[in-house]
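*Asks:* Below are the sequence and a predicted model for it; my questions follow.
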Amino acid sequence: MIDKTRRKELQDAYGERKAAAGIFAVRGPGLVWTSTSRDLAKAQNRVWFSLRQGGHINRETQALWNAQGEAAFAFEILEEIATDNPEMVGLLLKEREAMWREELGARRLEG
């Protein structure tokens, strides 16, 4: 059991962490999808949650998840974007995701 002081320290540390933006892939049976996130640490949880709930925006991915199950899928971080310029993050994410999609022959996961 964590005491209250330690819990507060952990919460503060989590709140102060710097989120890593980047590109990730979701691999399913015979298919790969890519997407971006401004917080890669939370990306898999967000995607897996929507798939488990049956409401993912990508119907193809959802149908395959429903048919094959969670064990048939993998999450992979492809690249982290290192820049402190918030205006550049969006441009870099878009550009690098297009490169990864082409390189992997992937489809777009979201949007």
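*Replies:* Yep, that arrived. The model shown is predicted, which means the values in this text are computed figures rather than measured ones.

*Asks:* got a list of contacts for stretch 22-35?
*Replies:* Residues outside stretch 22-35 that contact it (Cβ atoms under 8 Å, 6 or more residues apart in numbering): 36-37, 40, 43-44, 47, 58, 60-61, 64-65, 68, 72-81, 93, 96-97, 100-101, 104-111. Glycine gets a C-beta too; all of them are placed from N, C-alpha and C.

*Asks:* hey, where'd the strands end up in this structure?
*Replies:* With strands called from DSSP state E, the chain shows them at 21-28, 31-37, 74-81, 107-108.

*Asks:* and G54, which of those is closest to it?
*Replies:* Among the strands of the chain, strand 21-28 comes nearest to G54, with 15.6 Å by Cβ to Cβ.

*Asks:* Direction included, what does that closest one pair against?
*Replies:* Using DSSP bridges, the strands paired with strand 21-28 are strand 31-37 (antiparallel), strand 74-81 (antiparallel).

*Asks:* Deepest-packed of those, please.
*Replies:* strand 31-37 (a mean of 21; mean count of other Cβ atoms under 10 Å).

*Asks:* how about Q11, what does it touch?
*Replies:* Q11 neighbours (Cβ under 8 Å, 6+ apart): none.

*Asks:* Please name every helix or strand in contact with the top helix by length along the chain.
*Replies:* Longest helix in the chain, counting residues (DSSP state H): helix 86-104. Under the contact criterion of 3 or more Cβ pairs under 8 Å, 6 or more residues apart in numbering; DSSP states H and E, helix 86-104 touches strand 21-28, strand 31-37, strand 74-81.
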